[in-house]
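1. model this:
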Amino acid sequence: MSEETSLNAVELATELTIAWLGNQNNRAAAEDVPTFLRTMHATVTELGSGSSAPASGDESAAPAEEFTPAVTVRKSLASKDHIISLIDGKPYKTLRRHLSGHGLTPEQYRERYKLKADYPMVAENYSEVRRAMAHRIGLGQKGRRTKTAAATPAPAKPKRAPRAPKTA
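-> Predicted coordinates:
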C-alpha cells in the first residue's frame, strides 16, 4: 500500500511539474527542473502523509512579515486629486479596487502599513465631485421630502365656484 502511495506521489509531482513547465508564463532554466521536481515531490509527499507542519522549523516562531511602503504616508496624501498607493507607489482616485486586486480590505491595508483608522480611501477632489453629482441628481432627498411633507400638511386647495351653464 505504501508503494502505491509513493508511486502516486511521484506521478502527481511529475504531472504538476509538467503542467507548471508547460505554462508559457513560467520560465525556468533546464538545470532548475530537477530541483523543482524534488521540491514538488517533497511537498506532495508531505501533504499525502497528513503532516501539515512545515519542514523547516516552527511556523509560529517566524516573525510577521514587514511591509515597506513605496512612498511615505505624507507623500501619499500630498495631492487632493489622487492618493498614492503604499503598495506600488501609483496614484489612484480611489483605492478600493486596487486593494481588492491585491487581496486586501481597507482595514487590512491600514493595519499592514500602520495607518490611522481615518486614513482616506478616496481622493478629496474626487469625493467632492461625486458628492456634488449626488446632490445634483437628488440622492438622499426622498426621505427628507416625505418627512417634511408629513410634518407640514399641504395647504388646502380653494374650492371653485360651480360653472354657469352655457347658453347658446
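2. what helix or strand does E46 sit in?
-> With elements taken from DSSP states H and E, the one containing E46 is helix 33-48.
3. so the residue lying closest to S127 once chain neighbours are set aside: helix, strand or coil?
-> Leaving aside its sequence neighbours, S127 sits nearest to P120 (Cβ to Cβ, 6 or more residues apart in numbering; 7.9 Å). Yep, even glycine has a C-beta here, placed from its N, CA and C like the rest. On the three-state scheme (DSSP: H, G, I helix; E, B strand; the rest coil), P120 is labelled coil.
4. centre of the chain to the next helix or strand after the helix holding E46, how far?
-> With elements assigned by DSSP H and E, the helix or strand that comes after helix 33-48 is helix 73-76. Taking Cα atoms, centre = their mean, to the nearest Å, one finds the center of helix 73-76 at 21 Å from the center of the full chain.
5. give me the residue at the spatial middle of the protein.
-> S100 (1.4 Å; Cα atoms, centre = their mean).
6. next one: it from G48, what distance?
-> As defined by Cβ to Cβ, to the nearest Å, S100 lies at a distance of 34 Å from G48.
7. so what are the domain limits for this protein?
-> The chain breaks down by automatic domain parsing into domains covering 2-50, 65-142.
8. quick one, which of these is nearest to R163?
-> domain 65-142 (38.4 Å; Cβ to Cβ).
9. show me which helix runs longest in this structure.
-> When the chain is parsed with DSSP state H, its longest helix is helix 2-22.
10. and that helix, which residues are buried?
-> Neighbour counts over helix 2-22 (16 or more other Cβ atoms under 10 Å) mark 9, 12-13, 16-17, 21 as buried.
11. for this structure, where's the lowest mean pLDDT among helices and strands?
-> In the chain, the helix or strand scored least confidently by mean pLDDT, DSSP states H and E is helix 142-151, which has a mean of 70.
12. what's around E111, how many residues?
-> 12 (other Cβ atoms under 10 Å).
13. hang on, I meant Y119
-> For Y119, the neighbour count with other Cβ under 10 Å is 16.
14. now it: closest residue in space that isn't a chain neighbour?
-> In space, Y119 is closest to R110, 5.5 Å off (Cβ to Cβ, 6+ apart).
15. again, but for L21
-> A28 (6.4 Å).
16. just give the number of residues close to the one you found.
-> Neighbour number of A28 under other Cβ under 10 Å is 12.
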